[in-house]
Each structure stands twice: as structure tokens, then as C-alpha cells.
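Asker: Here is my input; please provide its structure:
(2 chains)
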Amino acid sequence: MSSSAPPESPTATSTLQSYFATRIGGILVPLAATVLAFFIGGLVVLITGHNPLTAYKAIFEGTGLNWFFPWVTGEAREEAANDLQQTLILMTPLVLTGLAVAFAFRCGLFNIGGQGQYWVGFFAALYLGTRLEGTPRPLHVLICIVASLVAGAIWGGIAGLLKATVGAHEVITTIMLNWIAIFGGAYLVEIGGPLQGPQSSIPRSDDVLPSAELWPIWGSLPSLHAGIFIALFALVVYSILLNRTTLGFEVRAVGFNPEAARYGGISVARNYFLALAISGAFAGLAGSVDLLGFKGGVSTGDFATNLIAFTGIAVALLGRNKAVGILFAALLFASLEIGTSTRQLDPEVFEPALATDLATMIQALVIFFVGAELLIVYIWRARRFLSPQPRIQPELER
Amino acid sequence: MADAPLLELRGITKQFPGVLANDHVDFELAKGEVHALLGENGAGKSTLMNILYGLYHPDEGEILLNGKPVRIGSPRDAIDLGIGMVHQHFMLIPVMTVAENIVLANEPTNGPFLDLRGAEERVRELSTQFGLAVRPNARVSSISVGMQQRAEILKALYRGAEILILDEPTAVLTPQEAGELFAIVRSLQADGRSIIFISHKLNEVLEIADRITVLRQGKKIDTVPREGASPEGLARLMVGRDVVLRVEKPPAQPGETLLKVEDLVVLDERDLEAVRGVSLEVKAGEIVGLAGVDGNGQSELIDALTGLRRPSGGRILAGKKEITNASSRECLDMGLGHIPEDRQIRGLVLDFSLAENLALHDFRKEPDSKWGWLYPRRLIQRAVGLLKEFDVRGGGPRTLAASLSGGNQQKVVIAREVSRNPNILVAAQPTRGLDVGAIEFVHRRLVQERDEGRGILLVSFELDEILSLSDRILVIYEGKIVGEYEPGVSEEELGIAMTGGRRQAAA
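Answerer: Down below sits the predicted model:
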């Protein structure tokens, strides 16, 4: 059959080129978006009468990332280590909530319910972490973590079940489930609530027992905890689950093209349910890791300020739903937040109040530019049409 | 034709990322000429015409109208220069009437008011002048495809088109409608208008065109007059090698019944009966052609056969097993292969690699996976063999399906379905949008599968295809089988049955 020789054989290089083009394009856009966001942020700094370079340098040093430079020594190095610990503490739950959003994305679903799933995971771990006294530490930690996974999976699974059975849109249901989790949680720890701590006048929970705490691994102010290994492990699990299992194959097929998946014998409804449940498990895990390694307990005030899973949406977007991308995106957003926090930033260089706003602005710009990718590509292409050409006025017939 | 050409394209070059769509193409159009632009998909026909219509801008080359160079920066410029284009996909607004659509952007006014009556009047004039039957005050959403196309042509004429570009105009038409279109083209020609007729169908080009320009891979190969041109010669120009146009097949040797459908009733999305009591049989070693105009229940019938839609009545038997209410997975496991109507929507996950697409049905089984653990390397290994066997060009196992041409995408779908050794193969529009070379491949493969004892149900809107491949022909009309024919039946007779038995146009 192939005896009739192909007159046009496809060049191997063109395939290779397009392969690299897609790969590099995948990295280039988030990178360009970030650079552009920092550039515009710098202009704003300039308008406020500061030198953007000094400001960025101060912010960078606030993140502790300069710890990686071998020439930073002595006291500066110790300070950098402290800062870096804070950045990594924040990065840990961001990786997990980023994974939660990304996993649902890969199935074509937009899980905005990460925050609710985070809280139910958090409270499952809090409940068991403040009880079961006398349990050996590894077992106690494990129990709390498993409970958070299950709780998060149930919370996500509810939205998945609604989507799979009656077609309720996951964006709506997950937002509603967020509020149920938040108000439910507030009830648990407010004055007179069942999980309220020892001081009857303060709406705060007990702290988890020492036997349920994740092990500190670096520093003390507060220290980086073993949760970072859990987050890194979750990245590996995410990647393997998606790329090396039949479940991941189905999820991706449904995410790319539900109609083709259905035709291929894949149950779309089942995958919607599973994807949201697994997504919820990642977010629930974020809750327990954050609690057991760092927060220890919760006050009612935290519900308004903790937006970790919403930042997770940005992490997933910037990280392009890829494990490595999510790691770096989580590091970036954590760095931004820590580097501009009141505690880290030298007020001589840039007022911390302004800096926090700057961080928010840069975050928003990054998301905007990643989202505007199509627009950027379009402008890029349009340049050619805009190049000056002599325009000959057409002479009208008729 | 001794006059200077009305329109001349010189050395048009257009580079897209990774593709040289037009490579120094020359093209001439004389006044009152029908000039066909022939070529495979991706040969650069549409690009060239989109440049002429101002949708793209050439990197090199110039356009001359009446010997004077012009720059066409937008469709607006093209319209002002008297160039009109009827796209393959119509650009009509469904909720507006035919007349409203036609005058859109050029509305006749009566003082500050829209003069709709005047518009309808003008449309009627044009439509009688050129024999373009339309109902000016009918909503576009309620009229036939053929009439929508006539409305598009009228729109171009209303805007004063002297040059009319028709992009694959017969792709959506029944044989009768195509005949009517040709009559319209001739009357436009008689009026002195010039027509560029884009097509990849040899027969219709030979029927309608005065001259034929063949493009291949972005280059102009040749321009030939109709006199002396043959289908074989044109096919060779298009593809660059000899092509067997007739399907050569030995007579069928039907065996046992593999697929039996009894009184099947299937509802569509609006819960209306789309399939209304269809009974049919497909035996081993035969190709049963199901002819019909689009929208007469074919899609619903296919969905029901392949487990994608529950029938509301009747039975489906695969061999002796009943699969009436089987899921698509059960149908697949029962030995049913399905080449779906739309390869990009159903047939392939475009963002998946070819290896993943080839495994779309079998990834749950060994050796692709075990206990839920996937072996991507095994998918790739198997893909290497299949891509070679089915002559898929333009990429390897890791290439995304989206980056292949339509013909090669279809080969991937066929490779997947055939390699599973199905007893029954439901092939819906297997050559839709494919070019001559790929059609040849698909047809030969279907016949080969038949000779290996599979039963094939071929659903197609292309009568040529039905006639050349089928061993038996069924005609479906409004959800019912309205006739069974031998392969020797005339196209005319089938066409009449397909439209409900009413004789529409005199032969």
C-alpha cells in the first residue's frame, strides 16, 4: 500500500520545531506575564516617588531567596534563612490549593471551592488534632491528615455529584459550599461554639496537641515544618496520577473533549465527580498541613483574611496546571506576600502598607497577563499588518 | 478571452507560521469567465481567495484590477471594488429575514427610516433576474441550506459584485440543489459577471468551469482549459501522482447477519422522533450504504447503534446479542467500530497525542494498562506500528492530533477503529472534507475491511461515495427507510428518493 511513494514527506524538523514551540511557548507566556507585571509594578513604585530597583531589591531580600546566593554570609545569611522559612511555610499550602484547582481544570472544571474544601480539611484535622490524647505522634499526624483528605474529598465530591447527576454548574455549587464551610467553621469556634478553646471570652479554638503537630525541620521563628515534603510529594502524586494512570487519562480526555471521551466509552459524569473529589482532597490536605505545621488553631477572624485557596487559583493559572509550574508559581506568590509584609520590609525603603498593595497589584497583573495570552499573541501577529505599506487608493469602477 | 484579464493576481505569497500557504501564485480571471480553483485541502485555495477578499494580506505579490494595481485592505475594500465572496460557512444572521440579511450594512432608507419594503423589492428584482429563488421575508433560520446559499449570493450581488468567489459551494448541497446552483452560475455568467469557483471535486469543476487552475502545496501547478481536461489528468495535477478514482472491488459475498435493527425509534434533543421505525440488516462481508440528505435521522440512528443515545423503541442486535440499551463502552467491547461523523468533535481528542488518541478505546486493557496503571511507552510503541500501517503523515506518536491535516486525522481514527478488529463498522461520512488522495485511501481500506468479513454500514451524504462503495443502498428520509436499491441505480433516482420522492427539477 505504501508502494506509491509519498511525494511530500513531512520533514522531521518541522514536527520537532512545532514540538519545541509549544513547549517553549508554555513556559514563555507565564514568564513574560510575570516580567511584564513586575515592570508595570515598577512604574507604579516610580510614581509614588521611590526607586523601583531599590524597592524590588528590598522585597527580594525580604523573601529570603537571597539565601541561595553563596556570597550572602554571616548575619545577613541568618536573616535570609529566617525570611526564607516564612516564604516556604506559605508556599506549602499554596502548592496544595494550586494543585486542587489544577486537577479540576484538567477535567474541564473550575473549582472555586478550594477555600471551603481547605476549611473542612482544616476542621477535620483540628477536631482530631485536639483530641485523641496519648496517640503516638506519627499515628496522630497521619490520622489528622487522612481525615482532612477525606473531608476535602467529600466537600469537593458534593459539587461533583451535583454536576454529574443534575448538571449543576460547579462554579455556583462550589461557591455556595465555600460559604457553608466558612459559616459552619465560624460557628464551631465562636464564643460558645463546640470547638471553642479554653478562654471563654475569645472566639478561638484550642490548639492542636503537640502529638498532632508536624515536625519542625528548619529554624524557629516559626520554623519550616515537614508539611513542605507533603506538598512536594503531592506534586509528584499529581503528575503521576494525571499522566501515568487510566484515571488521569480519562480525566484529561474529558477535560479536553467530553464528547470524544463519551464516544470513547468514558463516563463523563463519573469523571466529573472523581475530579472534583480528588481536587477537594488536595485542598483539604492544604488545610491540615497549614493547621498542623503552622497555624495550630483558628480564630473567627481568620475566615475573612485567609484566602489561600483563592491565591491557589492564580497559582494554577500561572503554573499552567503543570506540577513544576505550580511549584514555581506558588513560590512566586508566597515570596511576593512575605517580601512585602510589614515584618520583612524595611520601611525606610518602601512603606510596608504600600508594599502590600503592590504585591496584590502584581499578583493581579500576572493573572491578567496570563489570561490575556491570546490578546498578546494577537497583538504580536497584528504587528505585521500594521507595518507601513504604500496604500494605493482603489479607483472605483461603476 | 483575448481581452486583458479583468483580475490578475501576481506572485502572491503568504507565509503562516510553519506553512507557506501561497508560494508566488499567479491567477487570472477574464470578464464573464467561470474559473475554477482546484486543489486538495490545505493547497492554499482559501488563503488565496481570502487575500483577494481582503481578509489576509499577502507578504508579497500584487493584485491588478483592470490592469491597475489595487490594495485590498479589508472586505470593505473588496466589496467597493466589486468583489463578493460566498463563504463555505454562511455568514447570515439566523433570526433576521432573508431581505434584512441581504441589505445588512447597506440598508436602503426612507428618510431616517429603514425601507424594508424597498429592500424586499430590490431582492425580488435580483432574484428573478438571475433565477435565484428565495423568499425575501422568510427568516433565515427557517429556510433550507440551498436557499441560504442563494441568499448569500444575492447579498454579494446586491453589493454590486462583478466578481463572485464561491468557496466550496456544493459541499452542503443535495445533488438537485447543486444542479440549481450551476444554473444560477450560468445565468450570472451570461450577465457578464465573473466567477471564481473553489472546489476539490473534479466532476463539478469539469461541468461548470471555463478554465481550471490547480494548486498544490501552495504553488500554482497549472491552468488548463476545460476542453481536453480529464478527471484523471486533474487528479494527477492535484495530488502529484496517479490516482485511482474508481473503487475497484470484487462482488460482495455476504455471510451471516452481524447487525440487525428492528423497528428502531430514536428521539432527538427536542424529544421529537428523529428515527421513526427503522429496520435494517448488515451482513458479514458487505457494505450497506445509507443515503440521505443531512438531518433525516442519520445522526440519531448512528448514536443509537453505538450506544451514545438510548432508543425509545425497537431493538438492536449485534450477532445474537441484544445491544439496544448497551452503553458506548459495551458496544465497543461487543465488536462494534465507529468512525464518527465529525472527527474533530467526536473522533479525536485534539489536544491528545496520536498515541493517546489511538488508545482511546483500549487504554483500560492490557497491555495499555494494568490495575489502573498506564504504560505510556506501550501506547507509543503500538502507535508507531499503526501510524506506519495507515500511512499517517505529518507527525509521530507524540504529535498532538490537532496539528495534523484533516486527511491524516481521519486516518488516525480509522486506524484506531479498524485495529480493534470490529465485526461491525459504522462509518459516518468517512471522507467528509478529505481530498482525493485521502479519499482513495479510505475507500480502499473500507473495501479491504469488507473483504475480510466485516459488516460495514456506510452513512454518507455524498452520492458518489454511496454509489461506488455500497453493495446495497438504503435511502433514509424523515427518519424512515424509504427504499432499497442495487448499486447500479442512477444518481437521479436516489436523489429523488432522498427528497421524499417528489420530483423537484426536470432532468
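Asker: What about residue B:142, how many residues nearby?
Answerer: Neighbourhood size, residue B:142 [other C-beta atoms under 10 Å in any protein chain shown]: 11. Backbone N, C-alpha and C define where each C-beta goes, glycine included.
Asker: Oh, that last question was meant for residue B:427, not what I typed.
Answerer: Neighbour tally, residue B:427, other C-beta under 10 Å: 29.
Asker: May I ask you to confirm that it is in contact with residue B:339?
Answerer: Yes - with contact defined as C-beta atoms under 8 Å, residue B:427 and residue B:339 form a contacting pair (4.4 Å).
Asker: Need the overlap of contacts for those two.
Answerer: By C-beta atoms under 8 Å, 6 or more residues apart in numbering or on different chains, residue B:427 and residue B:339 have no common neighbours.
Asker: Okay, and the residue in chain A positioned nearest to chain B sits in which element?
Answerer: Evaluated by C-beta to the nearest C-beta, chain A has residue A:265 as its residue closest to chain B, separated by 3.4 Å. Counting by DSSP states H and E, there is no helix or strand that carries residue A:265.
Asker: can you count the residues close to it?
Answerer: Residue A:265 has 22 neighbouring residues, counting by other C-beta under 10 Å.
Asker: what's the nearest residue to it if we skip its chain neighbours?
Answerer: Nearest non-adjacent residue to residue A:265, counting by C-beta to C-beta, 6 or more residues apart in numbering or on different chains: residue B:329, 3.4 Å away.
Asker: can I get the CA coordinates of the helix or strand that contains that neighbour in CSV?
Answerer: Residue B:329 belongs to helix B:328-333 when elements are defined using DSSP H and E. C-alpha atoms of helix B:328-333 as CSV (Å, rounded to 0.1, in the frame of the first residue of the first chain):
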residue,chain,number,x,y,z
SER,B,328,-21.0,3.0,24.3
ARG,B,329,-18.3,1.0,26.2
GLU,B,330,-20.3,-2.1,26.0
CYS,B,331,-20.9,-1.6,22.3
LEU,B,332,-17.2,-1.1,21.7
ASP,B,333,-16.4,-4.3,23.6
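Asker: which residues sit against that helix?
Answerer: A:262-266, B:305-308, B:318, B:323, B:338, B:361, B:420.
Asker: picking up where we left off before, need the pLDDT of the residue nearest to residue A:265.
Answerer: The model reports residue B:329 with a pLDDT of 89.
Asker: Now do it against residue B:364, distance only.
Answerer: Residue B:329 is 9 Å from residue B:364, where distance means C-beta to C-beta, to the nearest Å.
Asker: do residue A:183 as well
Answerer: Residue A:183 is 42 Å from residue B:364, by C-beta to C-beta.
Asker: of these two, who's got more company?
Answerer: Applying other C-beta under 10 Å to residue A:183 and residue B:364 shows that residue B:364 carries more neighbours, namely 18 against 11.
Asker: quick one: pLDDT of the more buried one?
Answerer: For residue B:364, the model assigns a pLDDT of 89.
Asker: Likewise for the one 3 residues further on?
Answerer: Residue-level confidence at residue B:367 comes out at 86, pLDDT.
Asker: how many neighbours does it have?
Answerer: Neighbours of residue B:367 under the rule other C-beta under 10 Å: 11.
Asker: ok, and the closest non-adjacent residue to it?
Answerer: Residue B:367 sits nearest to residue B:378 (C-beta to C-beta, 6+ apart), 5.1 Å away.
Asker: following the helix holding residue B:329, which helix or strand comes up?
Answerer: Past helix B:328-333, further along toward the C-terminus, the next helix or strand under DSSP H and E is strand B:336-339.
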